[in-house]
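**Q** fold the stuff below for me.
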Amino acid sequence: GAALAVVGLRRCTRFNEQVVEVIGFEDGRVIVKLPDCLGGHLLGVWPRNLRALPEGTVVELRNLSNANANLNGQIGTIATKELDRCKYHVKLRDESTKIVGCTKVLGRSRLWDVELAPSHQGFLKWRGEQNCL
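**A** As a prediction, the model looks like this:
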(Lines give C-alpha, C1' and ligand atoms only; values in the text may rest on other atoms or scores of the structure.)
Protein backbone atom coordinates (compact mmCIF):
# COMPACT_ATOMS: atom_id res chain seq x y z
CA GLY A 1 0.00 0.00 0.00
CA ALA A 2 0.88 3.65 -0.24
CA ALA A 3 3.10 5.33 2.33
CA LEU A 4 1.39 8.31 3.98
CA ALA A 5 1.46 10.42 7.15
CA VAL A 6 -1.28 10.70 9.77
CA VAL A 7 -2.49 14.25 10.54
CA GLY A 8 -5.29 16.01 12.38
CA LEU A 9 -6.39 13.30 14.81
CA ARG A 10 -8.16 14.84 17.80
CA ARG A 11 -8.55 11.91 20.20
CA CYS A 12 -5.40 9.88 19.55
CA THR A 13 -3.03 12.76 18.94
CA ARG A 14 0.02 10.59 19.65
CA PHE A 15 -0.41 9.12 16.16
CA ASN A 16 -0.28 12.49 14.40
CA GLU A 17 2.80 12.97 12.19
CA GLN A 18 3.51 9.21 12.17
CA VAL A 19 4.30 7.43 8.91
CA VAL A 20 1.92 4.62 7.99
CA GLU A 21 1.26 2.14 5.21
CA VAL A 22 -2.23 1.74 3.72
CA ILE A 23 -3.47 -1.83 4.27
CA GLY A 24 -7.09 -1.57 3.14
CA PHE A 25 -10.48 0.12 3.51
CA GLU A 26 -13.46 -0.53 5.75
CA ASP A 27 -16.69 1.42 6.30
CA GLY A 28 -15.31 4.60 4.75
CA ARG A 29 -12.12 4.50 6.79
CA VAL A 30 -8.62 3.74 5.62
CA ILE A 31 -6.88 0.93 7.51
CA VAL A 32 -3.22 1.84 8.02
CA LYS A 33 -0.31 0.14 9.76
CA LEU A 34 2.25 1.87 11.94
CA PRO A 35 5.91 0.85 11.55
CA ASP A 36 6.89 -2.35 13.36
CA CYS A 37 9.23 -0.44 15.69
CA LEU A 38 6.17 1.47 16.94
CA GLY A 39 4.21 -1.73 17.55
CA GLY A 40 2.87 -2.28 14.02
CA HIS A 41 -0.62 -1.34 15.22
CA LEU A 42 -3.47 -1.03 12.74
CA LEU A 43 -5.53 2.15 12.79
CA GLY A 44 -8.79 3.02 11.06
CA VAL A 45 -8.62 6.69 10.04
CA TRP A 46 -10.71 8.93 7.82
CA PRO A 47 -9.16 9.82 4.47
CA ARG A 48 -9.00 13.48 5.58
CA ASN A 49 -6.47 12.40 8.25
CA LEU A 50 -3.89 11.20 5.72
CA ARG A 51 -1.36 13.25 3.76
CA ALA A 52 1.58 12.60 1.47
CA LEU A 53 4.83 12.04 3.33
CA PRO A 54 6.50 15.35 4.18
CA GLU A 55 9.90 16.28 2.82
CA GLY A 56 12.69 14.82 4.94
CA THR A 57 10.79 11.64 5.82
CA VAL A 58 13.00 8.55 5.93
CA VAL A 59 11.85 5.87 3.47
CA GLU A 60 12.95 2.49 2.19
CA LEU A 61 12.63 1.70 -1.51
CA ARG A 62 10.72 -1.52 -2.21
CA ASN A 63 8.95 -3.49 -4.92
CA LEU A 64 11.02 -1.90 -7.68
CA SER A 65 11.38 -4.07 -10.74
CA ASN A 66 13.59 -4.51 -13.79
CA ALA A 67 16.42 -1.98 -14.07
CA ASN A 68 15.85 -0.54 -10.59
CA ALA A 69 15.45 -3.83 -8.67
CA ASN A 70 18.96 -3.39 -7.23
CA LEU A 71 17.66 -0.35 -5.32
CA ASN A 72 15.16 -2.38 -3.27
CA GLY A 73 16.05 -2.00 0.41
CA GLN A 74 17.94 1.28 -0.11
CA ILE A 75 17.23 4.01 2.46
CA GLY A 76 16.67 7.64 1.54
CA THR A 77 14.64 10.72 2.36
CA ILE A 78 11.78 12.43 0.57
CA ALA A 79 13.29 15.40 -1.29
CA THR A 80 10.15 16.58 -3.11
CA LYS A 81 6.82 15.15 -4.18
CA GLU A 82 4.52 15.27 -7.19
CA LEU A 83 1.06 14.93 -5.70
CA ASP A 84 -0.72 14.96 -9.06
CA ARG A 85 1.28 11.90 -10.21
CA CYS A 86 1.57 10.25 -6.77
CA LYS A 87 5.39 10.30 -7.05
CA TYR A 88 8.14 10.93 -4.52
CA HIS A 89 11.62 12.18 -5.36
CA VAL A 90 13.83 10.19 -2.98
CA LYS A 91 17.37 11.32 -2.18
CA LEU A 92 19.54 8.27 -1.52
CA ARG A 93 22.67 8.00 0.62
CA ASP A 94 24.92 8.38 -2.44
CA GLU A 95 23.26 11.80 -3.08
CA SER A 96 21.43 10.52 -6.20
CA THR A 97 17.69 11.13 -6.55
CA LYS A 98 15.19 8.55 -7.78
CA ILE A 99 11.58 9.25 -8.72
CA VAL A 100 9.28 6.46 -7.49
CA GLY A 101 5.57 5.86 -7.05
CA CYS A 102 4.00 6.26 -3.62
CA THR A 103 3.52 2.49 -3.36
CA LYS A 104 7.23 1.90 -3.99
CA VAL A 105 8.37 3.37 -0.66
CA LEU A 106 7.94 2.21 2.89
CA GLY A 107 7.82 5.09 5.34
CA ARG A 108 10.21 4.53 8.20
CA SER A 109 10.21 5.93 11.69
CA ARG A 110 13.55 7.52 12.48
CA LEU A 111 13.70 4.89 15.25
CA TRP A 112 13.40 1.86 12.94
CA ASP A 113 16.73 0.31 13.95
CA VAL A 114 16.75 1.14 17.65
CA GLU A 115 17.24 -1.93 19.84
CA LEU A 116 14.94 -1.46 22.82
CA ALA A 117 15.94 -4.64 24.64
CA PRO A 118 18.45 -4.08 27.45
CA SER A 119 21.92 -5.07 26.31
CA HIS A 120 23.12 -6.10 29.79
CA GLN A 121 20.17 -8.16 30.95
CA GLY A 122 22.10 -10.16 33.52
CA PHE A 123 23.48 -7.06 35.22
CA LEU A 124 20.15 -5.27 35.20
CA LYS A 125 18.34 -8.35 36.43
CA TRP A 126 20.24 -8.37 39.72
CA ARG A 127 20.15 -4.67 40.47
CA GLY A 128 16.63 -3.83 39.31
CA GLU A 129 17.59 -0.94 37.00
CA GLN A 130 15.20 -2.28 34.37
CA ASN A 131 12.43 -0.70 36.43
CA CYS A 132 13.81 2.70 35.43
CA LEU A 133 13.88 2.04 31.66
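**Q** now stretch 74-89: buried residues?
**A** Applying a neighbour-count criterion of 16 or more other Cβ atoms under 10 Å, the buried positions in stretch 74-89 are 74, 76, 77, 78, 81, 87, 88, 89. Bear in mind the C-beta positions are built from the backbone N, C-alpha and C, glycine included.
**Q** confidence score at the residue positioned nearest the centre of the chain?
**A** Among the residues of the chain, the one closest to the centroid is residue 107, at 2.6 Å (Cα atoms, centre = their mean). Each residue has a pLDDT score; the one for residue 107 is 87.
**Q** quick one: contacts for it?
**A** Shown here is residue 107, whose contacts under the criterion Cβ atoms under 8 Å, 6 or more residues apart in numbering are 3, 4, 5, 19, 20, 21, 35, 53, 57, 58, 59.
**Q** beta partners for residue 89?
**A** residue 80, residue 99 (DSSP bridges).
**Q** from residue 52, how far off is it?
**A** 12 Å (Cβ to Cβ, to the nearest Å).
**Q** residue 103 too?
**A** 12 Å.
**Q** more neighbours: which of the two?
**A** Set side by side, residue 103 and residue 52 show unequal neighbour counts under other Cβ atoms under 10 Å, the larger going to residue 52 at 18 against 14.
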